[in-house]
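Engineer: predicted model follows, preceded by the sequence.
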Amino acid sequence: MRQGKIKYGDIAVDTAMGQLEFDLPTVKAIVNINSVPASLREHNLEADHYVVLAKAALTPQQREKWAKTAADQNLTASTLKASINAGEVQTPAQAKSKNHGVASPHGLNAEFAIWLRRVGGIAGVMKMGPGYAEDIARELADIIDFGVELREKIAKRVI
């Protein structure tokens, strides 16, 4: 992205990124990765590590130290994040005990929209072969029931 903006300009790169249909979390991750100096990439970490390093409130020297530590100690991105937050290297068990994230309905909807577009909507699901449509309907049943019940409760409250 950085090289593209230098060569072609911000508008051309932003337009191209929009055409790729990345979801917002992916775009944010790309921007974060792009903000990590090339010198930190010498540590051969993964993209998730660079996102953690970009988001952390660290000085350039601290960022370099944590990148080297992550590479030397083979830390996962989540363990790196927990270690940065704790100020010392954490074990995977320690890192996991502090990770209580759960997908939001907004996140689920965004992922579902991407999946639905990729499979071609209902027509695409119906073409998947015997049993696929039924299996997908079973997987979505609890979500559908929740949505219907929530709408009913909202309607009763409003009236």
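Structural biologist: Structure received. Numbering: from 1, shown residues only.
Engineer: okay, CA-based contacts and neighbour counts for the rest of this
Structural biologist: Fine.
Engineer: give me the most central residue, the protein.
Structural biologist: Centroid-nearest residue in the chain, with C-alpha atoms, centre = their mean: P25, separated by 4.9 Å.
Engineer: pull out the buried residues from the longest helix along the chain.
Structural biologist: Ranked by number of residues, the top helix in the chain under DSSP state H is helix 132-158. Residues of helix 132-158 classed as buried: A133 (neighbour count, 16 or more other C-alpha atoms under 10 Å).
Engineer: hmm, back to that, in which helix or strand would I find the residue nearest to the centre of the chain?
Structural biologist: Element membership for P25 (DSSP states H and E) is helix 24-35.
Engineer: now do the contacts for P92.
Structural biologist: When contacts are counted by C-alpha atoms under 8 Å, 6 or more residues apart in numbering, P92 touches T79.
Engineer: give me the pLDDT for it.
Structural biologist: Predicted confidence (pLDDT) for P92: 77.
Engineer: quick one: the strands in the protein?
Structural biologist: Remark: no strands are assigned in the chain by DSSP state E.
Engineer: what bits of it have low per-residue confidence?
Structural biologist: Flagging of the chain using pLDDT under 70 yields the residue ranges 21-22, 24, 42, 95-102, 158-159.
Engineer: the helices in it, which residues?
Structural biologist: Remark: helices assigned in the chain by DSSP H are 2-8, 10-19, 24-35, 47-55, 60-72, 77-86, 92-97, 105-119, 121-126, 132-158.
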